[in-house]
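Participant: Pasting the sequence and the predicted model now:
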Amino acid sequence: DMPRYLLLEEFKKSEGSVLLGTSSFWQGVDVPGKALQCVIITKLPFSVPNDPVVEAKMEFLQAQNKNSFLHYQLPQAIILLKQGFGRLIRSTKDKGVVAILDPRLKSRSYGKMFLNSLPQCEITSSLSKVKEFMKASPMP
C-alpha cells in the first residue's frame, strides 16, 4: 500500500526486481537505464465498456450511426498501448523488450493497427530471439 512514487523509487534502487503495476503506471513513469529492461503487457488496454463516461461516449457515437469501437474504443486503446510501450525506452542508451501477451494482437483484424502504431522495432513471437537480443549487447 505504498504510494506510486515510493514504489518507483524502490524499484529503481533494487537490481533484479520486478514491479507489477496497474494502469496508473502507464503514464508519468520514467525508469531509464538498466533498472527497466522488460515491460510485460498482459492485455490490450481497452476501456471498460460499462464505465459511465465510456458508456456515454459510445452512446453518443452510436446515436450518430458511428461504430463506437472503431471511432472511440480502438483509438483510445492504441494511444494507451503506445504510452505503455514508451515506458521502456527513455533514452538512446536504453534497450529492452516489450512483451504483449494478448492473443487478440494476432487473432483479431485490429491487431495490426496496434502493431503499426508502435515505434519501429523488431516484432517476434520467438523466445529464443528475445534471449539472443538481450544477450547480444548487455546494458552497462
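Facilitator: Sure thing, it's come through.

Participant: C-alpha from now on. contacts and neighbour counts both.
Facilitator: OK.

Participant: Tell me the secondary structure at the residue nearest the centre of the chain.
Facilitator: Against the mean C-alpha coordinate of the chain, by C-alpha atoms, centre = their mean, the closest residue is residue 84 at 3.1 Å. Judged by DSSP: H, G, I helix; E, B strand; the rest coil, the three-state class of residue 84 is helix.

Participant: what's the nearest residue to it if we skip its chain neighbours?
Facilitator: Computed as C-alpha to C-alpha, 6 or more residues apart in numbering, the closest residue to residue 84 that is not its neighbour in sequence is residue 26, at 4.8 Å.

Participant: who are the neighbours in contact with that neighbour?
Facilitator: 80, 83-84, 87 (C-alpha atoms under 8 Å, 6 or more residues apart in numbering).

Participant: could you dump these to JSON lines with pLDDT?
Facilitator: Shown next, in JSON lines, are these (pLDDT from 0 to 100):
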{"residue": "80", "pLDDT": "92"}
{"residue": "83", "pLDDT": "89"}
{"residue": "84", "pLDDT": "88"}
{"residue": "87", "pLDDT": "85"}
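
Participant: what's the closest of those to residue 53?
Facilitator: Lowest distance from residue 53 to those (C-alpha to C-alpha) belongs to residue 80, with 16.7 Å.

Participant: in the helix or strand where the closest one lies, what counts as buried?
Facilitator: Counting by DSSP states H and E, the element that carries residue 80 is helix 74-85. Neighbour-count burial for helix 74-85, counted by 16 or more other C-alpha atoms under 10 Å, picks out 74, 77-78, 80-85.
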